[in-house]
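Peer 1: Quick one, fold the following:
(one chain, ligands or ions: 1)
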Amino acid sequence: MDFKQVTVAGSGVLGSQIAFQTAFHEYQVSVYDINDQALEKAKERLAGLQKVYADYFKDEAKAKAAFQRLTFSSNLGEAVKDADLIIEAIPEVVDIKTSFYKQLALLAPEKTIFVTNSSTMVPSQFAEFTGRPEKFLALHFANEVWKNNTAEIMGHPGTDRNIEQEIIDFAASIGMVPLHIKKEQPGYILNSLLVPFLDAAEMLWINDIADPETIDKTWMIATGAPMGPFAILDVVGIQTAYNIALGKAQADASPDNKFRKMADILKAEFLDKGKTGQGSGEGFYKYPNPAYADANFLKA
Ligand code: NAD
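Peer 2: Residues are numbered from 1 along each chain as shown. Here you go, the predicted model:
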């Protein structure tokens, strides 16, 4: 299918980036959010992204033209009436997504394909509410889509494989590297690798086996990676690391609840002190010049 009109639902951190990336590759994009206040914020975010794209791709005219391909609406029926594809990037809350898909099933044209950008949920959780399970799958982007341009594509058992291929082609057409996941997997590829890796690093630290800089140094020297796990945690954000640890702590009934200890330490030593990672200027490292980026870090 030749997609012409794409609707992005939810214009927060990721939704606005996905909308801009899609418009930058010459699709008409309708941006939907719940009310006019949210849309005003979206316009500010997207104007900010116009500058980011103009700088990053050194093409002001192309970035400006992309912004002009965006339309905004808080009326779902209006926002989806001509959509070939709807990319859902609304909050990571099961009830919000469920009621969104129930509404959307009634309003979207029959031809419309739905994809979810959910990071932690799988498409089979929502397929039955979409009214078109065969045309529903996940298309998962990473933050800062213009440079971290992975697109993980993952269907559920009822997804039509031809539709999956169309989404792979669409992702490539908007400048992403399509990464096909053959079976449903919570966490896709990236988080299936990253979350256990970061957990292992945090466990070495909270069990006082080694300090974060030593752990990062080990990883960086031994593998040639530009960053170690604690530098990555600063980018992800310590609030997110805390939320993940807390979720695991709550699911663990054993007396030796290792994730409870991890969550408590992250809260007391970082969050309560306003050290939330790179965004706040301090996490495991101090920014803008973190120690791991120093030329001598790997030598000492
Ligand atoms: P966000 O909180 O920044 O944005 C959510 C947007 O959805 C807001 O603009 C909000 O007004 C809007 N919204 C709320 N309820 C809505 C509804 N019923 N209908 C339509 N819009 C509604 O969230 P985000 O970080 O952009 O995350 C959105 C989705 O993208 C989540 O599923 C998340 O897992 C996924 N994701 C996020 C990241 C990330 O780094 N932030 C990365 C990959 C995937």
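
Peer 1: how does this structure divide into domains?
Peer 2: 5-181, 192-293 (automatic domain parsing).

Peer 1: Now tabulate these in a markdown table and tack on mean pLDDT.
Peer 2: Shown next, in a markdown table, are the domains of the chain (pLDDT from 0 to 100):
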| stretch | mean pLDDT |
| --- | --- |
| domain 5-181 | 97 |
| domain 192-293 | 95 |
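
Peer 1: quick one: which of those is nearest the ligand?
Peer 2: When those are compared by Cβ to the nearest ligand atom, domain 5-181 sits nearest the ligand, at 1.8 Å. In this view, the C-beta of every residue, glycine as well, is placed from N, C-alpha and C.

Peer 1: what's the spacing between that closest one and its chain's center?
Peer 2: 11 Å (Cα atoms, centre = their mean, to the nearest Å).

Peer 1: contacting residues around Ala61?
Peer 2: By Cβ atoms under 8 Å, 6 or more residues apart in numbering, no residues touch Ala61.

Peer 1: which one of the domains of the chain is the most hemmed in?
Peer 2: Neighbour counts (mean count of other Cβ atoms under 10 Å) averaged over each of the domains of the chain peak at domain 5-181, with a mean of 19.

Peer 1: the helices in the stretch 101-250 of the chain, which residues?
Peer 2: 161-173, 190-206, 212-223, 229-236, 238-250 (DSSP state H, counting those that start in this stretch).

Peer 1: okay, those helices in CSV with distance to the ligand next?
Peer 2: Formatted as CSV, those follow (distance: least, Cβ to the nearest ligand atom, whole Å):
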stretch, distance to the ligand
helix 161-173, 14
helix 190-206, 9
helix 212-223, 22
helix 229-236, 8
helix 238-250, 8
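
Peer 1: can you redo those helices as TSV with distance to Phe20?
Peer 2: Shown next, in TSV, are these (distance: least, Cβ to Cβ, whole Å):
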stretch	distance to Phe20
helix 161-173	15
helix 190-206	21
helix 212-223	33
helix 229-236	21
helix 238-250	23
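
Peer 1: Those helices: which one's closest to Ser119?
Peer 2: Smallest distance to Ser119 across those (Cβ to Cβ): 6.9 Å, for helix 190-206.

Peer 1: For that closest one, output the C-alpha coordinates as PDB.
Peer 2: What follows is helix 190-206, C-alpha atoms only, in PDB (Å, rounded to 0.1, in the frame of the first residue of the first chain):
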ATOM      1  CA  LEU A 190      16.900  -3.700  22.600                       C
ATOM      2  CA  ASN A 191      15.300  -3.900  26.000                       C
ATOM      3  CA  SER A 192      15.600  -7.700  26.100                       C
ATOM      4  CA  LEU A 193      19.400  -7.000  26.000                       C
ATOM      5  CA  LEU A 194      19.600  -3.700  27.800                       C
ATOM      6  CA  VAL A 195      17.500  -4.300  30.900                       C
ATOM      7  CA  PRO A 196      19.300  -7.400  32.100                       C
ATOM      8  CA  PHE A 197      22.700  -5.800  31.300                       C
ATOM      9  CA  LEU A 198      21.800  -2.700  33.400                       C
ATOM     10  CA  ASP A 199      20.400  -4.800  36.200                       C
ATOM     11  CA  ALA A 200      23.600  -6.800  36.300                       C
ATOM     12  CA  ALA A 201      25.700  -3.700  36.600                       C
ATOM     13  CA  GLU A 202      23.500  -2.200  39.300                       C
ATOM     14  CA  MET A 203      23.700  -5.500  41.300                       C
ATOM     15  CA  LEU A 204      27.500  -5.300  41.200                       C
ATOM     16  CA  TRP A 205      27.300  -1.800  42.500                       C
ATOM     17  CA  ILE A 206      24.700  -2.200  45.300                       C
END
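
Peer 1: quick one: that helix to helix 238-250, angle?
Peer 2: If you take axes from the mean of the first three to the mean of the last three Cα atoms, to 10 degrees, helix 190-206 sits at 80 degrees to helix 238-250.

Peer 1: from the middle of its chain, how far away would stretch 200-213 be?
Peer 2: Using Cα atoms, centre = their mean, the offset of stretch 200-213 from its chain centre is 27 Å.

Peer 1: before we move on, which element is Ala54 in?
Peer 2: helix 36-56 (DSSP states H and E).

Peer 1: relative orientation of the helix or strand that comes right after that helix and helix 36-56 in degrees?
Peer 2: Going down the chain from helix 36-56, the next helix or strand is helix 60-68, by DSSP H and E. Orientation check (the same axes, to 10 degrees): helix 60-68 against helix 36-56 gives 160 degrees.

Peer 1: All set, thanks.
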